[in-house]
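In: take this sequence and fold it.
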Amino acid sequence: MNDLKDLSREASQCVKCGTCMANCPIYGETLSEVTTPRGKLSLIESLASGEIALSRKLEDILFSCLACGTCGESCPNNVKVGEILLAARKELVNHRGLSPVKRLLFGHLLSSLRAMPRYLRAGSLVQGLLLKKIPGGSGLHLRFPLPFLNKKRLIPPLAKKFFCDYQPLLAQAAPEKKRVGFFVGCVNNYLFPRIGEATVRLLNRNGVSVITPSHQNCCGLMAFGAGDWSSAQKCALSNIAAFETYNLDTIITSCASCAATLKTFYPQMFKSADDETQKRVSTFSSTIMDVSQFLTRELKSTSALYTTPPQHKKLHRITYHDPCHLKRTLGISQEPRELLQSLSHLEFVEMADASQCCGMGGTFTITHYDLSMNVLNHKLATLEAMDIELLATGCSGCLLQFMDGIHQKGLKTKVVHLVEALEGGEDYKTGDV
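Out: Down below sits the predicted model:
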(Lines give C-alpha, C1' and ligand atoms only; values in the text may rest on other atoms or scores of the structure.)
Protein backbone atom coordinates (compact mmCIF):
# COMPACT_ATOMS: atom_id res chain seq x y z
CA MET A 1 0.00 0.00 0.00
CA ASN A 2 2.63 2.48 -1.13
CA ASP A 3 0.07 5.23 -1.72
CA LEU A 4 -0.61 5.29 2.00
CA LYS A 5 2.83 6.83 2.51
CA ASP A 6 1.76 9.81 0.41
CA LEU A 7 -1.47 10.04 2.40
CA SER A 8 0.54 9.84 5.62
CA ARG A 9 2.66 12.82 4.58
CA GLU A 10 -0.49 14.84 3.91
CA ALA A 11 -2.07 13.68 7.17
CA SER A 12 1.03 14.74 9.10
CA GLN A 13 0.20 18.38 8.31
CA CYS A 14 -2.50 18.05 10.98
CA VAL A 15 -1.06 19.46 14.23
CA LYS A 16 -3.80 17.76 16.30
CA CYS A 17 -5.06 21.08 17.66
CA GLY A 18 -8.62 19.77 17.95
CA THR A 19 -10.36 22.68 16.24
CA CYS A 20 -12.19 20.19 14.02
CA MET A 21 -13.72 18.45 17.04
CA ALA A 22 -16.03 21.37 17.79
CA ASN A 23 -17.68 21.07 14.39
CA CYS A 24 -17.57 17.34 13.61
CA PRO A 25 -21.15 15.99 13.77
CA ILE A 26 -19.95 12.42 14.37
CA TYR A 27 -17.75 13.36 17.32
CA GLY A 28 -20.64 15.41 18.67
CA GLU A 29 -22.65 12.20 18.98
CA THR A 30 -19.98 9.65 19.91
CA LEU A 31 -17.55 11.78 21.98
CA SER A 32 -14.91 9.26 20.92
CA GLU A 33 -11.43 10.49 19.97
CA VAL A 34 -11.00 7.93 17.19
CA THR A 35 -14.05 9.29 15.38
CA THR A 36 -12.62 12.81 15.19
CA PRO A 37 -10.90 13.94 12.00
CA ARG A 38 -7.57 14.20 13.82
CA GLY A 39 -8.10 10.71 15.21
CA LYS A 40 -8.66 9.26 11.76
CA LEU A 41 -5.60 11.06 10.38
CA SER A 42 -3.50 9.65 13.21
CA LEU A 43 -4.70 6.16 12.35
CA ILE A 44 -3.75 6.67 8.69
CA GLU A 45 -0.26 7.73 9.76
CA SER A 46 0.04 4.69 12.04
CA LEU A 47 -1.18 2.37 9.29
CA ALA A 48 1.35 3.75 6.82
CA SER A 49 4.20 3.39 9.31
CA GLY A 50 3.28 -0.19 10.15
CA GLU A 51 2.39 0.55 13.78
CA ILE A 52 -1.08 -0.88 13.25
CA ALA A 53 -2.52 -3.35 10.74
CA LEU A 54 -5.68 -3.37 8.68
CA SER A 55 -8.69 -4.60 10.59
CA ARG A 56 -12.46 -4.47 10.41
CA LYS A 57 -12.47 -2.09 13.37
CA LEU A 58 -10.08 0.29 11.63
CA GLU A 59 -12.14 0.10 8.46
CA ASP A 60 -15.31 0.92 10.37
CA ILE A 61 -13.65 3.94 11.99
CA LEU A 62 -12.46 5.34 8.63
CA PHE A 63 -15.96 4.87 7.21
CA SER A 64 -17.59 6.51 10.24
CA CYS A 65 -17.56 9.87 8.50
CA LEU A 66 -20.24 11.87 6.73
CA ALA A 67 -17.74 13.56 4.37
CA CYS A 68 -19.56 16.79 5.20
CA GLY A 69 -16.39 18.90 4.99
CA THR A 70 -16.82 20.79 8.26
CA CYS A 71 -13.38 19.67 9.44
CA GLY A 72 -11.60 21.04 6.38
CA GLU A 73 -13.62 24.24 6.58
CA SER A 74 -12.50 24.90 10.17
CA CYS A 75 -8.91 23.60 9.92
CA PRO A 76 -6.37 26.43 10.58
CA ASN A 77 -3.74 24.54 8.53
CA ASN A 78 -6.12 23.94 5.61
CA VAL A 79 -5.53 20.19 5.79
CA LYS A 80 -7.67 18.50 3.13
CA VAL A 81 -9.11 15.97 5.54
CA GLY A 82 -11.94 14.93 3.23
CA GLU A 83 -9.66 14.18 0.30
CA ILE A 84 -7.27 12.23 2.51
CA LEU A 85 -10.04 10.07 3.97
CA LEU A 86 -11.57 9.36 0.56
CA ALA A 87 -8.17 8.35 -0.81
CA ALA A 88 -7.55 6.18 2.26
CA ARG A 89 -10.86 4.39 1.68
CA LYS A 90 -9.74 3.72 -1.88
CA GLU A 91 -6.54 2.12 -0.61
CA LEU A 92 -8.50 -0.04 1.82
CA VAL A 93 -10.81 -1.25 -0.96
CA ASN A 94 -7.86 -1.93 -3.26
CA HIS A 95 -6.26 -4.03 -0.53
CA ARG A 96 -9.29 -5.77 1.02
CA GLY A 97 -11.87 -5.63 -1.78
CA LEU A 98 -15.57 -4.78 -1.54
CA SER A 99 -18.30 -6.66 0.27
CA PRO A 100 -20.56 -8.75 -2.05
CA VAL A 101 -23.43 -6.27 -1.58
CA LYS A 102 -21.29 -3.25 -2.49
CA ARG A 103 -19.70 -5.12 -5.39
CA LEU A 104 -23.18 -5.85 -6.78
CA LEU A 105 -24.46 -2.32 -6.12
CA PHE A 106 -21.51 -0.36 -7.49
CA GLY A 107 -20.01 -2.69 -10.04
CA HIS A 108 -23.17 -4.09 -11.58
CA LEU A 109 -26.07 -1.73 -10.91
CA LEU A 110 -24.98 1.90 -10.46
CA SER A 111 -22.28 1.83 -13.14
CA SER A 112 -24.48 0.12 -15.75
CA LEU A 113 -26.61 2.05 -18.23
CA ARG A 114 -29.00 -0.87 -18.58
CA ALA A 115 -28.99 -2.91 -15.37
CA MET A 116 -30.26 -0.35 -12.85
CA PRO A 117 -33.17 0.99 -14.98
CA ARG A 118 -34.17 -2.59 -15.80
CA TYR A 119 -34.17 -3.75 -12.18
CA LEU A 120 -35.89 -0.63 -10.91
CA ARG A 121 -38.64 -0.88 -13.53
CA ALA A 122 -39.27 -4.40 -12.30
CA GLY A 123 -39.11 -3.12 -8.73
CA SER A 124 -41.74 -0.47 -9.41
CA LEU A 125 -44.15 -3.23 -10.42
CA VAL A 126 -43.65 -5.38 -7.31
CA GLN A 127 -42.88 -2.74 -4.66
CA GLY A 128 -46.37 -3.19 -3.23
CA LEU A 129 -45.45 -6.77 -2.30
CA LEU A 130 -42.29 -5.76 -0.42
CA LEU A 131 -43.40 -2.40 0.93
CA LYS A 132 -46.59 -1.16 2.58
CA LYS A 133 -48.15 2.27 2.39
CA ILE A 134 -47.93 4.53 5.42
CA PRO A 135 -51.40 5.82 6.35
CA GLY A 136 -51.49 9.54 5.73
CA GLY A 137 -47.84 9.58 4.74
CA SER A 138 -45.96 10.09 1.51
CA GLY A 139 -43.85 6.97 1.60
CA LEU A 140 -43.59 3.27 2.37
CA HIS A 141 -42.30 0.94 5.07
CA LEU A 142 -40.76 -2.51 4.75
CA ARG A 143 -43.15 -5.42 5.04
CA PHE A 144 -40.28 -7.76 5.81
CA PRO A 145 -36.97 -7.00 7.58
CA LEU A 146 -33.87 -6.52 5.46
CA PRO A 147 -30.34 -6.58 6.92
CA PHE A 148 -29.28 -3.35 5.20
CA LEU A 149 -32.43 -1.23 5.77
CA ASN A 150 -33.84 -0.15 9.11
CA LYS A 151 -37.49 -1.11 9.40
CA LYS A 152 -38.36 2.36 10.74
CA ARG A 153 -37.08 4.10 7.60
CA LEU A 154 -39.50 5.93 5.35
CA ILE A 155 -38.94 4.71 1.79
CA PRO A 156 -40.27 6.85 -1.08
CA PRO A 157 -42.00 4.76 -3.74
CA LEU A 158 -40.39 4.30 -7.13
CA ALA A 159 -41.99 6.50 -9.75
CA LYS A 160 -44.42 4.86 -12.16
CA LYS A 161 -42.46 6.42 -15.02
CA PHE A 162 -38.80 7.40 -14.79
CA PHE A 163 -37.92 10.91 -15.91
CA CYS A 164 -35.39 9.91 -18.56
CA ASP A 165 -37.87 7.47 -20.08
CA TYR A 166 -40.36 10.14 -21.09
CA GLN A 167 -38.43 13.40 -21.12
CA PRO A 168 -37.67 14.38 -24.74
CA LEU A 169 -34.04 14.86 -25.69
CA LEU A 170 -34.73 18.53 -26.41
CA ALA A 171 -37.23 20.66 -24.49
CA GLN A 172 -37.05 23.80 -26.58
CA ALA A 173 -37.92 27.25 -25.29
CA ALA A 174 -39.67 29.74 -27.51
CA PRO A 175 -37.89 31.99 -28.10
CA GLU A 176 -34.62 30.28 -27.25
CA LYS A 177 -32.07 32.51 -25.52
CA LYS A 178 -29.72 29.79 -24.34
CA ARG A 179 -29.30 26.02 -24.56
CA VAL A 180 -28.05 23.84 -21.68
CA GLY A 181 -27.72 20.18 -20.79
CA PHE A 182 -29.53 18.64 -17.84
CA PHE A 183 -28.00 15.99 -15.58
CA VAL A 184 -30.94 14.49 -13.72
CA GLY A 185 -29.41 12.26 -11.02
CA CYS A 186 -30.68 8.91 -9.77
CA VAL A 187 -33.05 10.13 -7.04
CA ASN A 188 -34.79 12.64 -9.28
CA ASN A 189 -34.93 10.18 -12.17
CA TYR A 190 -36.29 7.16 -10.32
CA LEU A 191 -38.08 8.60 -7.27
CA PHE A 192 -38.98 12.25 -7.88
CA PRO A 193 -39.30 12.93 -11.63
CA ARG A 194 -41.47 15.93 -10.70
CA ILE A 195 -38.27 17.72 -9.61
CA GLY A 196 -36.78 17.15 -13.06
CA GLU A 197 -40.01 18.38 -14.64
CA ALA A 198 -40.01 21.51 -12.47
CA THR A 199 -36.39 22.21 -13.39
CA VAL A 200 -37.07 21.95 -17.13
CA ARG A 201 -40.22 24.10 -16.88
CA LEU A 202 -38.38 26.84 -14.99
CA LEU A 203 -35.61 26.90 -17.56
CA ASN A 204 -37.98 26.79 -20.54
CA ARG A 205 -40.07 29.63 -19.12
CA ASN A 206 -36.94 31.76 -18.98
CA GLY A 207 -35.95 31.10 -22.59
CA VAL A 208 -33.55 28.24 -21.87
CA SER A 209 -33.78 25.10 -24.01
CA VAL A 210 -32.83 21.90 -22.24
CA ILE A 211 -31.07 18.82 -23.63
CA THR A 212 -31.50 15.70 -21.49
CA PRO A 213 -29.57 12.70 -22.86
CA SER A 214 -31.54 9.59 -21.93
CA HIS A 215 -28.41 7.44 -21.62
CA GLN A 216 -26.85 9.39 -18.75
CA ASN A 217 -25.75 7.34 -15.77
CA CYS A 218 -25.44 7.54 -11.97
CA CYS A 219 -22.96 10.27 -11.03
CA GLY A 220 -20.90 7.68 -9.12
CA LEU A 221 -20.75 9.47 -5.76
CA MET A 222 -21.80 6.47 -3.67
CA ALA A 223 -19.09 4.29 -5.21
CA PHE A 224 -16.51 7.07 -4.91
CA GLY A 225 -17.33 7.69 -1.25
CA ALA A 226 -17.15 3.96 -0.52
CA GLY A 227 -13.64 3.69 -2.00
CA ASP A 228 -14.67 1.96 -5.24
CA TRP A 229 -13.05 4.45 -7.58
CA SER A 230 -13.08 1.98 -10.47
CA SER A 231 -16.89 1.91 -10.60
CA ALA A 232 -17.05 5.67 -10.00
CA GLN A 233 -14.70 6.27 -12.94
CA LYS A 234 -16.86 4.04 -15.11
CA CYS A 235 -19.89 6.18 -14.25
CA ALA A 236 -17.92 9.35 -14.96
CA LEU A 237 -16.70 8.31 -18.39
CA SER A 238 -20.20 7.14 -19.33
CA ASN A 239 -21.71 10.52 -18.38
CA ILE A 240 -19.00 12.47 -20.16
CA ALA A 241 -19.64 10.46 -23.33
CA ALA A 242 -23.40 11.07 -23.00
CA PHE A 243 -23.03 14.86 -22.96
CA GLU A 244 -19.92 15.72 -24.95
CA THR A 245 -21.65 14.95 -28.27
CA TYR A 246 -23.83 18.04 -27.84
CA ASN A 247 -20.98 20.54 -27.36
CA LEU A 248 -22.65 22.36 -24.46
CA ASP A 249 -21.17 25.28 -22.57
CA THR A 250 -23.35 24.63 -19.52
CA ILE A 251 -24.79 21.51 -17.90
CA ILE A 252 -27.34 22.04 -15.12
CA THR A 253 -28.14 19.72 -12.26
CA SER A 254 -30.70 20.14 -9.48
CA CYS A 255 -28.92 17.86 -7.01
CA ALA A 256 -26.09 19.37 -4.97
CA SER A 257 -24.37 16.02 -4.45
CA CYS A 258 -24.39 15.30 -8.17
CA ALA A 259 -23.10 18.80 -8.88
CA ALA A 260 -20.19 18.39 -6.46
CA THR A 261 -19.34 15.00 -7.94
CA LEU A 262 -19.44 16.12 -11.56
CA LYS A 263 -17.57 19.36 -10.95
CA THR A 264 -15.11 18.58 -8.15
CA PHE A 265 -14.79 14.85 -7.56
CA TYR A 266 -14.44 13.79 -11.21
CA PRO A 267 -11.12 15.67 -11.60
CA GLN A 268 -10.03 14.27 -8.23
CA MET A 269 -10.64 10.65 -9.21
CA PHE A 270 -8.78 11.04 -12.52
CA LYS A 271 -5.64 12.73 -11.17
CA SER A 272 -3.49 9.81 -12.30
CA ALA A 273 -5.17 9.33 -15.68
CA ASP A 274 -3.54 10.01 -19.04
CA ASP A 275 -3.48 13.57 -20.40
CA GLU A 276 -6.28 13.03 -22.91
CA THR A 277 -8.65 11.61 -20.28
CA GLN A 278 -7.82 14.42 -17.84
CA LYS A 279 -8.61 16.95 -20.55
CA ARG A 280 -11.99 15.34 -21.29
CA VAL A 281 -12.84 15.28 -17.58
CA SER A 282 -11.72 18.87 -17.03
CA THR A 283 -13.72 20.12 -20.02
CA PHE A 284 -16.85 18.36 -18.83
CA SER A 285 -16.50 19.42 -15.19
CA SER A 286 -16.00 23.06 -16.14
CA THR A 287 -19.52 23.15 -17.64
CA ILE A 288 -21.36 22.01 -14.50
CA MET A 289 -23.61 24.46 -12.63
CA ASP A 290 -26.12 23.96 -9.85
CA VAL A 291 -29.58 25.17 -10.85
CA SER A 292 -29.61 27.91 -8.16
CA GLN A 293 -26.29 29.24 -9.41
CA PHE A 294 -27.52 29.25 -13.00
CA LEU A 295 -30.79 31.01 -12.18
CA THR A 296 -29.08 33.81 -10.25
CA ARG A 297 -25.94 34.27 -12.34
CA GLU A 298 -27.15 33.61 -15.87
CA LEU A 299 -30.78 34.72 -15.74
CA LYS A 300 -30.26 37.41 -13.07
CA SER A 301 -33.96 37.68 -12.55
CA THR A 302 -36.64 35.82 -10.62
CA SER A 303 -39.62 37.71 -12.01
CA ALA A 304 -40.45 35.05 -14.60
CA LEU A 305 -39.63 31.96 -12.62
CA TYR A 306 -43.15 30.73 -12.01
CA THR A 307 -44.79 28.22 -14.33
CA THR A 308 -48.19 29.44 -13.13
CA PRO A 309 -48.85 32.46 -10.90
CA PRO A 310 -49.28 31.26 -7.30
CA GLN A 311 -52.78 31.74 -5.88
CA HIS A 312 -52.04 31.39 -2.17
CA LYS A 313 -54.37 33.15 0.22
CA LYS A 314 -51.62 33.37 2.83
CA LEU A 315 -47.86 33.39 2.79
CA HIS A 316 -46.07 30.13 3.38
CA ARG A 317 -43.23 30.43 5.88
CA ILE A 318 -40.18 28.72 4.43
CA THR A 319 -36.63 28.11 5.58
CA TYR A 320 -33.59 26.65 3.85
CA HIS A 321 -31.10 23.90 4.66
CA ASP A 322 -27.61 24.20 3.14
CA PRO A 323 -26.48 20.89 1.62
CA CYS A 324 -22.88 20.19 2.60
CA HIS A 325 -21.79 19.51 -0.96
CA LEU A 326 -23.36 22.75 -2.18
CA LYS A 327 -22.02 25.08 0.50
CA ARG A 328 -18.66 23.55 1.39
CA THR A 329 -17.64 21.75 -1.78
CA LEU A 330 -18.98 24.26 -4.30
CA GLY A 331 -19.20 27.44 -2.21
CA ILE A 332 -22.86 28.08 -3.07
CA SER A 333 -24.96 29.42 -0.22
CA GLN A 334 -26.40 32.86 -0.97
CA GLU A 335 -27.91 31.98 -4.36
CA PRO A 336 -30.77 29.77 -3.03
CA ARG A 337 -31.58 32.37 -0.40
CA GLU A 338 -31.72 35.17 -2.97
CA LEU A 339 -34.20 33.15 -4.98
CA LEU A 340 -36.42 32.32 -2.01
CA GLN A 341 -36.34 35.86 -0.61
CA SER A 342 -37.49 37.27 -3.94
CA LEU A 343 -40.74 35.28 -4.08
CA SER A 344 -43.93 37.09 -3.16
CA HIS A 345 -45.81 33.96 -2.06
CA LEU A 346 -43.18 32.93 0.50
CA GLU A 347 -41.95 34.41 3.74
CA PHE A 348 -38.32 33.39 4.10
CA VAL A 349 -37.10 32.70 7.66
CA GLU A 350 -33.43 31.94 8.26
CA MET A 351 -32.76 28.75 10.21
CA ALA A 352 -30.18 28.60 12.98
CA ASP A 353 -27.21 26.44 12.00
CA ALA A 354 -28.61 26.10 8.48
CA SER A 355 -25.36 24.60 7.22
CA GLN A 356 -25.13 21.94 9.93
CA CYS A 357 -25.00 18.49 8.31
CA CYS A 358 -28.29 16.58 8.19
CA GLY A 359 -26.54 13.23 8.71
CA MET A 360 -27.27 11.65 5.33
CA GLY A 361 -23.75 10.98 4.04
CA GLY A 362 -24.73 8.64 1.18
CA THR A 363 -24.20 5.04 2.27
CA PHE A 364 -23.55 6.29 5.84
CA THR A 365 -27.29 6.47 6.46
CA ILE A 366 -27.51 2.78 5.53
CA THR A 367 -24.48 1.48 7.43
CA HIS A 368 -24.91 3.77 10.48
CA TYR A 369 -28.63 4.53 10.45
CA ASP A 370 -29.17 5.29 14.13
CA LEU A 371 -26.13 7.58 14.26
CA SER A 372 -27.27 9.25 11.07
CA MET A 373 -30.68 9.99 12.58
CA ASN A 374 -29.12 11.25 15.82
CA VAL A 375 -27.26 13.86 13.76
CA LEU A 376 -30.50 14.80 11.99
CA ASN A 377 -32.41 15.18 15.25
CA HIS A 378 -30.58 18.44 15.99
CA LYS A 379 -31.97 19.92 12.77
CA LEU A 380 -35.44 18.55 13.48
CA ALA A 381 -35.46 20.15 16.94
CA THR A 382 -34.65 23.48 15.32
CA LEU A 383 -37.47 23.05 12.79
CA GLU A 384 -39.95 22.16 15.51
CA ALA A 385 -39.04 25.24 17.53
CA MET A 386 -39.40 27.46 14.45
CA ASP A 387 -42.96 26.26 13.79
CA ILE A 388 -42.16 26.42 10.08
CA GLU A 389 -44.38 25.19 7.24
CA LEU A 390 -41.83 24.51 4.50
CA LEU A 391 -38.20 23.45 4.40
CA ALA A 392 -36.40 23.82 1.09
CA THR A 393 -33.11 22.21 0.12
CA GLY A 394 -31.17 21.59 -3.06
CA CYS A 395 -29.84 18.06 -2.52
CA SER A 396 -31.67 14.82 -3.23
CA GLY A 397 -29.92 13.09 -0.33
CA CYS A 398 -30.89 15.81 2.14
CA LEU A 399 -34.45 15.66 0.80
CA LEU A 400 -34.67 11.92 1.55
CA GLN A 401 -33.11 12.35 4.99
CA PHE A 402 -35.51 15.10 6.06
CA MET A 403 -38.53 13.26 4.68
CA ASP A 404 -37.61 10.27 6.84
CA GLY A 405 -36.93 12.27 10.00
CA ILE A 406 -39.96 14.57 9.68
CA HIS A 407 -42.22 11.55 9.23
CA GLN A 408 -40.78 9.75 12.26
CA LYS A 409 -41.08 12.86 14.45
CA GLY A 410 -44.58 13.63 13.20
CA LEU A 411 -43.69 17.24 12.38
CA LYS A 412 -46.01 19.35 10.25
CA THR A 413 -43.16 20.83 8.22
CA LYS A 414 -43.01 19.70 4.59
CA VAL A 415 -39.67 19.36 2.84
CA VAL A 416 -39.51 20.46 -0.80
CA HIS A 417 -36.83 20.91 -3.38
CA LEU A 418 -35.78 24.46 -4.13
CA VAL A 419 -37.21 24.35 -7.67
CA GLU A 420 -40.59 23.21 -6.30
CA ALA A 421 -40.63 26.20 -3.97
CA LEU A 422 -39.78 28.49 -6.87
CA GLU A 423 -42.66 27.12 -8.91
CA GLY A 424 -45.13 27.92 -6.16
CA GLY A 425 -47.10 24.68 -6.23
CA GLU A 426 -50.13 25.01 -3.95
CA ASP A 427 -49.81 21.77 -2.03
CA TYR A 428 -46.01 21.36 -2.08
CA LYS A 429 -46.35 17.59 -2.14
CA THR A 430 -43.21 15.64 -1.32
CA GLY A 431 -44.30 12.55 -3.21
CA ASP A 432 -47.30 10.48 -4.19
CA VAL A 433 -47.81 6.91 -3.05
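
In: just the pLDDT for the spatially most central residue of the chain.
Out: By CA atoms, centre = their mean, the chain has its centre lying nearest to residue 257, at 3.0 Å. Model confidence at residue 257, given as pLDDT, is 97.

In: would you agree it is in contact with residue 219?
Out: Yes: Residue 257 lies in contact with residue 219 (CB atoms under 8 Å); the separation is 7.4 Å. For every residue, glycine as well, the C-beta is placed using N, CA and C.

In: and for these two, which residues touch both?
Out: residue 185 (CB atoms under 8 Å, 6 or more residues apart in numbering).

In: low-confidence ranges in this protein?
Out: 1-2, 136-138, 144-148, 300-314, 425-433 (pLDDT under 70).

In: domain ranges for it?
Out: 3-96, 163-298, 309-423 (automatic domain parsing).

In: of all those, which one is nearest residue 130?
Out: domain 163-298 (15.5 Å; CB to CB).

In: ends of the closest one, what's the gap?
Out: 25 Å (CA to CA, to the nearest Å).

In: and the strands in the stretch 1-150 of the chain, which stretches?
Out: Per DSSP state E, counting those that start in this stretch, the stretch 1-150 of the chain carries strands over the ranges 131-133, 140-142.

In: deepest in the core, which of the ones you listed is it.
Out: strand 140-142 (a mean of 17; mean count of other CB atoms under 10 Å).

In: what is that strand packed up against?
Out: Under the contact criterion of 3 or more CB pairs under 8 Å, 6 or more residues apart in numbering; DSSP states H and E, strand 140-142 touches strand 131-133.

In: burial count for residue 8?
Out: 18 (other CB atoms under 10 Å).

In: equivalent analysis for residue 178, please.
Out: 16.

In: correct me, but it touches residue 209?
Out: Yes: between residue 178 and residue 209 a contact is recorded at 7.3 Å, counting by CB under 8 Å.

In: what about the domains of the chain, which gets the closest to residue 118?
Out: So among the domains of the chain, domain 163-298 is nearest, using CB to CB, at 11.7 Å.

In: how far off centre is that closest one?
Out: Distance, stretch centre to chain centre, for domain 163-298: 13 Å (CA atoms, centre = their mean, to the nearest Å).

In: kindly report the same for stretch 330-340.
Out: 16 Å.

In: same deal with stretch 397-407?
Out: 12 Å.

In: tell me which element residue 281 is part of?
Out: helix 275-285 (DSSP states H and E).

In: also residue 381?
Out: Using DSSP H and E, residue 381 falls within helix 369-386.

In: the residue nearest to the centre of the chain belongs to a strand?
Out: No: counting by DSSP: H, G, I helix; E, B strand; the rest coil, one finds residue 257 to be helix, located in no strand.

In: can you get me a residue count around the nearest residue to residue 66 once chain neighbours are set aside?
Out: Closest residue to residue 66 apart from its sequence neighbours, by CB to CB, 6 or more residues apart in numbering: residue 361 at 3.7 Å. A count of neighbours around residue 361, defined by other CB under 10 Å, yields 26.

In: OK, contacts around the closest residue to the residue nearest to the centre of the chain other than its chain neighbours?
Out: The shortest distance from residue 257 to any non-neighbouring residue, by CB to CB, 6+ apart, is to residue 325 (4.9 Å). Under the criterion of CB under 8 Å, 6+ apart, the neighbours of residue 325 are 69, 256-257, 259-261, 395.

In: could you pull out the helices for the stretch 251-400 of the chain?
Out: Here the stretch 251-400 of the chain has its helices, by DSSP state H, counting those that start in this stretch, at 256-260, 266-269, 275-285, 291-294, 324, 334-341, 364-367, 369-386, 396-409.

In: what's in contact with the third one?
Out: Counting contacts by CB under 8 Å, 6+ apart, the residues outside helix 275-285 that touch it are 236-237, 239-240, 243-244, 251, 262-264, 266-267, 270-271, 273.

In: wait, residue 80 sits on residue 72?
Out: Yes: using CB under 8 Å, residue 80 makes contact with residue 72 at a distance of 6.0 Å.

In: so which of the domains of the chain is nearest residue 114?
Out: domain 163-298 (9.4 Å).

In: can you list the buried residues in stretch 66-78?
Out: 66-73, 75 (16 or more other CB atoms under 10 Å).

In: cool, stretch 397-415 as well?
Out: 397-407, 409, 411, 413-415.

In: what do you get for stretch 191-206?
Out: 191-204, 206.

In: over to residue 52: give its phi and psi.
Out: Note on residue 52: its backbone torsions stand at phi -130, psi 160 [degrees, to the nearest 10].

In: how many other residues sit next to it?
Out: Per other CB under 10 Å, the neighbour tally for residue 52 reads 15.

In: neighbours of the closest residue to it other than its chain neighbours, just the number please.
Out: Take residue 52 and drop its neighbours on the chain: the residue closest to it by CB to CB, 6+ apart is residue 46, 4.6 Å away. Residue 46 has 15 neighbours, counted by other CB under 10 Å.

In: and residue 249, by the same measure?
Out: The burial count for residue 249: 11, using other CB under 10 Å.

In: what sits against the closest residue to it other than its chain neighbours?
Out: Excluding its sequence neighbours, the residue lying closest to residue 249 (CB to CB, 6+ apart) is residue 287, at 6.2 Å. For residue 287, the contacting residues are 181, 243, 248-251, by CB under 8 Å, 6+ apart.

In: swap the cut-off to 7 Å and go again
Out: 248-251 (CB atoms under 7 Å, 6 or more residues apart in numbering).

In: ok, and the most crowded of these?
Out: residue 251 (25 neighbours).
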